[in-house]
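Novice: Need coordinates for the following:
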Amino acid sequence: MPSKTVSLQKSTLRGRVCALLQPSQVEFKVNNFDLLRILAALQVVLVHSIGHFGLNAPRVAHWLDFFPGVPIFFVISGYLVSASYERQKTVRAYLKNRFLRIFPGLWVCLLFTMAVVLLLGYRLSRPIDYLWLPAQLIGIIFTPPFLKSFGFGSYNGSLWTIPVELQFYLLLPILYKLAQRRNGRKAGLIAAVALFTVIRFALYFTHPNIGAGSESTLEKMIRYTFVPHFFLFLLGTTLQNFRIHQSRLIAGKGPIWLLAYLAAQLLLPPNPWTLVITALMLGFVVVSAAYTLPSSAETLLGGEDISYGVYIYHALVINLLLIFRTHHSIADLGMDVVGAVILGSLSWKFVEKPFLRKKRKSIGIPVDHEHIKFPLSEVEPVIEVEGSRPSS
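Specialist: From the prediction side, this is the model:
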């Protein structure tokens, strides 16, 4: 069938679906989260490349530190995963969707990494080495002794966020149940954000090196738990529950939030108070940017979401460049970006996207457990798997 005919059919079907939706629901669906995720992933790639290659970054590169990719991922995850959970009739369906989002891509990445390290001559020798791969496959991430000399000493340092995300996913249904039993979901979520914001603030005093290169073993273990990061996930969840995208203070106000955030970063002295405040402000910047010129992601990316693959593969590319190249320059940074994008694109096309088609089909709109009834055969061709829809 000619591509123009297929596009026309998709456009017609999309129009028929949108005609069934309320205007505010369509607004929720159209957003820039795909674009924000790939930008966050590239921020992580650039910062890690500069650090591991020992590059003298230009001063403009320091602005990257104002937009840390991982916190952005956590806010977006809270916003979209909570919407996905609200759509599901059962916790089992919700967990199945979360499984399909994380594990197929992770498993292929791990098997590919295993093949690479074996080809390079690394050999398993201790019992813990043989437990390593099964542990990684269920999301327990660590670097075994036989890979301590591989690259920068961690076979894939970025994967520490996987167990954190899995904890988020498991805690969300519990959080909703507890919040509902108290003063209602919204009040409960506000209380949870406040509680875990205070906890994060306290951790800046008790364990100041969490996430830093000099962190202790205890601080590293804390970083692998949900505790230091949950306030960001909860912020995204709370903003979604308040339908913040409909607020005149958010929709279309991305530049204003961005300027306010940059002013806070540049003018406020760095201390635990300002670190927490700016982290929360970044969450508002992200959501506001998602609903400012909200069709930008679809225009630029066409529904393709390679951010997860870029994120989980880029550290492997860095390690290989460290092994095979003794002198490093800006060219290494470029090769890491290109390599991560290529591997991320392959992961999306051949692994993630096919598995995401197995997810329970949804129109991608949170409607507070009220379901619009119409044949899935009419909707399925126009559903973008994952991507900017609130199921990621």
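Novice: which stretch of helix or strand covers residue 118?
Specialist: Assessed by DSSP states H and E, residue 118 sits inside helix 91-119.
Novice: no, scratch that, I was asking about residue 269
Specialist: No secondary structure element spans residue 269, as it lies outside all helices and strands (assigned by DSSP H and E).
Novice: one step back: ok, and what's touching the helix or strand just after the helix holding residue 118?
Specialist: For helix 91-119, the succeeding helix or strand toward the C-terminus, using DSSP H and E, is helix 127-137. Outside helix 127-137, the residues that touch it by Cβ atoms under 8 Å, 6 or more residues apart in numbering are 103, 106-107, 110, 114, 124, 141-142, 144-147, 159. Every residue, glycine included, has its C-beta placed from N, CA and C.
Novice: Can you tell me which of those residues are buried?
Specialist: Among the contacts of helix 127-137, those classed as buried by neighbour count (16 or more other Cβ atoms under 10 Å) are 103, 106, 110, 114, 124, 141, 142, 144, 146, 147, 159.
Novice: Farthest-apart pair in these, please.
Specialist: 103 and 146 (24.0 Å; Cβ to Cβ).
Novice: Does residue 252 belong to a helix, a strand or coil?
Specialist: Residue 252 falls in the coil class when you classify it by DSSP: H, G, I helix; E, B strand; the rest coil.
Novice: wait, what's in contact with it?
Specialist: Neighbour list for residue 252: 291, 292, 293 [criterion: Cβ under 8 Å, 6+ apart].
Novice: Correct me if wrong: the second one contacts residue 256.
Specialist: No: in this structure residue 292 lies outside contact range of residue 256 using Cβ atoms under 8 Å: 9.3 Å.
Novice: higher neighbour count, the two?
Specialist: Applying other Cβ atoms under 10 Å to residue 292 and residue 256 shows that residue 292 carries more neighbours, namely 19 against 14.
Novice: how far away is the more buried one from residue 254?
Specialist: Using Cβ to Cβ, to the nearest Å, one obtains 3 Å as the distance from residue 292 to residue 254.
Novice: Could you do residue 108 as well?
Specialist: Distance, residue 108 to residue 254, by Cβ to Cβ: 35 Å.
Novice: Flag the shaky bits of this structure, pLDDT-wise.
Specialist: By pLDDT under 70, the low-scoring segments of the chain are 1-26, 182-183, 360-392.
Novice: center of it, which residue is that?
Specialist: residue 73 (3.4 Å; Cα atoms, centre = their mean).
Novice: Report the buried residues of the helix or strand hosting residue 169.
Specialist: Assigning secondary structure by DSSP H and E places residue 169 in helix 161-181. Along helix 161-181, the positions that meet the burial threshold by neighbour count (16+ other Cβ under 10 Å) are 161-169, 171-172, 175-176, 179.
Novice: Could you do stretch 257-265 as well?
Specialist: 257, 258, 261, 262, 265.
Novice: right, and the fourth one touches residue 67 too?
Specialist: By that I understand residue 262. No: the pair residue 262 and residue 67 fails to qualify as a contact (Cβ under 8 Å) at a distance of 9.8 Å.
Novice: For residue 311, which non-adjacent residue is closest in space?
Specialist: residue 41 (4.5 Å; Cβ to Cβ, 6 or more residues apart in numbering).
Novice: my guess is the one you found meets residue 68, correct?
Specialist: No: taking contacts as Cβ under 8 Å, residue 41 lies outside contact range of residue 68: 11.8 Å.
Novice: and those two? which has more neighbours close in?
Specialist: residue 41 (26 against 17).
Novice: Can you say which helix or strand has that one in it?
Specialist: Taking DSSP H and E as the definition, residue 41 sits inside helix 33-52.
Novice: Give me the distance between that helix and the centre of its chain.
Specialist: 11 Å (Cα atoms, centre = their mean, to the nearest Å).
Novice: Export only the CA atoms of the next helix or strand after it, formatted as CSV.
Specialist: Using DSSP H and E, the helix or strand that follows helix 33-52 towards the C-terminus is helix 69-87. Once non-C-alpha atoms are left out, helix 69-87 reads as follows in CSV (Å, rounded to 0.1, in the frame of the first residue of the first chain):
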residue,chain,number,x,y,z
GLY,A,69,19.1,14.0,32.8
VAL,A,70,18.3,11.5,35.6
PRO,A,71,16.1,13.9,37.7
ILE,A,72,14.3,14.9,34.5
PHE,A,73,13.7,11.2,33.8
PHE,A,74,12.3,10.7,37.3
VAL,A,75,9.9,13.6,37.0
ILE,A,76,8.6,12.5,33.6
SER,A,77,8.3,8.9,34.9
GLY,A,78,6.2,10.0,37.8
TYR,A,79,4.0,12.1,35.5
LEU,A,80,3.4,9.5,32.8
VAL,A,81,3.5,6.3,34.8
SER,A,82,0.9,7.5,37.2
ALA,A,83,-1.4,8.3,34.3
SER,A,84,-0.7,4.9,32.9
TYR,A,85,-1.6,3.3,36.3
GLU,A,86,-4.9,5.2,36.5
ARG,A,87,-5.9,3.8,33.1
